[in-house]
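J.: quick one, what's the 3D model for this:
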Amino acid sequence: MRHSKKLSLLIASLALLAGAALRPAAAVAAPEPAVTVLPFTNPSDVVSTGDRVFVSGGSESKQIVVTDAAGAVIGTVDGLDGPTRLQLSTDRRTLYVTLPPAGKIAAFDTRSLRRTATYDIGEGSCPSSLAYTGRYVWFGYGCENGDGNIGRIDLLRGPTLVTKGLADAFFYYPPLLASATRNPRVLLAGNQRLSPSVDIAYAIGADGKLTRISATTSDDSGSNGRDVALDPAGSTAFSASGAPSQVQSYPVENMAKTGTAYETGSYPNAVEAARDGTRVAAGADAPFGPDVFVFNLDGTLVTQFEVGGSGDTLVPGALAWSPDGSRLYAVTEGGHLHVLPVPAA
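T.: Residues are numbered from 1 along each chain as shown. The predicted structure is shown next:
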């Protein structure tokens, strides 16, 4: 009898263990999107170092807001003259910001938030876009219609050398610029607000000279250019234009050919490649539908978000990936930073 009871208890225990093993684990809820109200209503740009996010206040502001990865405000950089576009160095230790009203570009340490340099681009230059390729910080500039051009800051020259007038093409407005995180030899320049909005890929020589690789044509360019991007290798260019209703990719070696299209719906206005090159984020000026989209490279949709209504649409170009690809940061016209969780691959 004693042995029978022991055997019965053993069988019951094994049954319970088997049931526990077969029972599915409790699902872990995905993080919800979060929204941070910014202290300015016309923000301009956003970048992420991983544990810190920087949002510029725009031409009417004096401030850059700093948040943690979850969007909680942890500091500010104050006393700036209209901070607009932002650019991180490849190691994410230095933040560059354009100050168009002052005709300057400033650099800040991303940990201490101290200003480390100020580059005088010239009175009446209005620097308005940035790209970083190691030795050079590139900027698109121009205050008046018809005087858009490309310049560079040579970080290895002492004193630092600023050179302007480097474009081999006519830019009615300051060109949009993009660089590749793993290839310092390629620069992408895009026409903004024109129809067609032709994009040009340049090779960067050892002396900083720009040599044209290829360009889109009037047939394959979009209209009303809003943002451009490069994949980390610098082999694929992306363009977000007001029309057609998609972000278009191009092989850098021959941009007269189109690659994968990423369908966003009406009025695309932002594009950003993930740091590992496996995904593409796109945004649209969409007051009544999804605004932010994540795609695999083949164009399949991973997820999408609606970040605001008619009075809170996405700022052109104001999308940023976290370095690990787990979050997207989107800034909207109403003065909000949206922290958007991205599903793992």
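J.: what about the strands in the stretch 1-150 of the chain?
T.: Taking DSSP state E, counting those that start in this stretch, the strands of the stretch 1-150 of the chain run over residues 34-37, 45-48, 52-56, 64-68, 73-77, 86-88, 94-99, 104-109, 115-120, 129-132, 136-141, 149-154.
J.: thought Lys68 was touching Arg52?
T.: One correction, residue 68 is Asp, not Lys. Yes. Checked against CB atoms under 8 Å, the pair Asp68 and Arg52 is within contact range at 6.7 Å. Just so you know, the C-beta spots here come from the backbone N, C-alpha and C atoms, and that holds for glycine as well.
J.: out of the strands of the stretch 1-150 of the chain, nearest to Asp298?
T.: Smallest distance to Asp298 across these (CB to CB): 25.2 Å, for strand 45-48.
J.: okay, that closest one in CSV with CA atoms only?
T.: Once non-C-alpha atoms are left out, strand 45-48 reads as follows in CSV (Å, rounded to 0.1, in the frame of the first residue of the first chain):
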residue,chain,number,x,y,z
ASP,A,45,14.8,67.7,-36.5
VAL,A,46,15.6,64.7,-34.3
VAL,A,47,18.6,62.3,-33.9
SER,A,48,19.4,59.5,-31.4
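J.: helices along this structure, start to end?
T.: Taking DSSP state H as the criterion, the chain carries its helices at 2-22.
J.: run through it and note the low-pLDDT ranges.
T.: Under the criterion pLDDT under 70, the flagged ranges of the chain are 1-30, 310.
J.: when Asp68 and Arg52 are compared, which one has more neighbours?
T.: Residue environment comparison for Asp68 versus Arg52 gives the larger neighbour count to Arg52, 18 against 13, counting by other CB atoms under 10 Å.
J.: now do the shared contacts for Asp68 and Arg52.
T.: By the contact definition CB atoms under 8 Å, 6 or more residues apart in numbering, Asp68 and Arg52 are jointly contacted by Ile74.
J.: can I get the strands of the stretch 1-150 of the chain in CSV with distance to Pro287?
T.: Conversion of the strands of the stretch 1-150 of the chain to CSV gives the following (distance: least, CB to CB, whole Å):
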stretch, distance to Pro287
strand 34-37, 17
strand 45-48, 20
strand 52-56, 21
strand 64-68, 24
strand 73-77, 27
strand 86-88, 25
strand 94-99, 28
strand 104-109, 33
strand 115-120, 38
strand 129-132, 25
strand 136-141, 28
strand 149-154, 33
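J.: for Ala261, find the nearest of these.
T.: strand 129-132 (24.0 Å).
J.: now do the closest one: distance to the chain's middle.
T.: Between the mean C-alpha location of strand 129-132 and the chain-wide mean there is a distance of 11 Å, by CA atoms, centre = their mean, to the nearest Å.
J.: what about the strands of the stretch 1-150 of the chain, which gets the closest to Gly317?
T.: Put simply, out of the strands of the stretch 1-150 of the chain the one that sits nearest Gly317 is strand 45-48, at 6.7 Å, with distance taken as CB to CB.
J.: number of residues surrounding the closest residue to Val294 other than its chain neighbours?
T.: Counting by CB to CB, 6 or more residues apart in numbering, Val294 lies nearest to Val302, which is 4.3 Å off, once chain neighbours are set aside. The burial metric for Val302, expressed as a neighbour count using other CB under 10 Å, is 15.
J.: so Val302 sits against Pro341, correct?
T.: No. Contact status for Val302 versus Pro341: not in contact, 11.7 Å apart, counting by CB under 8 Å.
J.: what is the burial count for Asn254?
T.: 11.
J.: my bad, should have said Arg193
T.: Summarising burial for Arg193: neighbours were counted as other CB under 10 Å, giving 16.
J.: surely it touches Gly225?
T.: Yes. Distance between Arg193 and Gly225: 6.6 Å, which falls inside the contact criterion (CB under 8 Å).
J.: beta-bridge partners for the residue nearest to Pro31 when sequence neighbours are not counted, please?
T.: Counting by CB to CB, 6+ apart, Pro341 is the residue found nearest to Pro31 once chain neighbours are left out, at 4.2 Å. In this structure, Pro341 has the following beta-bridge partners (DSSP bridges): Arg327.
J.: do Val97 as well
T.: Leu86, Ala106.
J.: I figured it was touching Arg85, is that so?
T.: Yes. Applying CB under 8 Å as the test, Val97 and Arg85 come out as touching, 7.2 Å apart.
J.: re earlier: measure the residue nearest to Val294 to Thr211 for me?
T.: 36 Å (CB to CB, to the nearest Å).
J.: one step back: ok, which of the strands of the stretch 1-150 of the chain comes nearest Phe238?
T.: It is, among the strands of the stretch 1-150 of the chain and with distance given as CB to CB, strand 129-132, at 13.9 Å.
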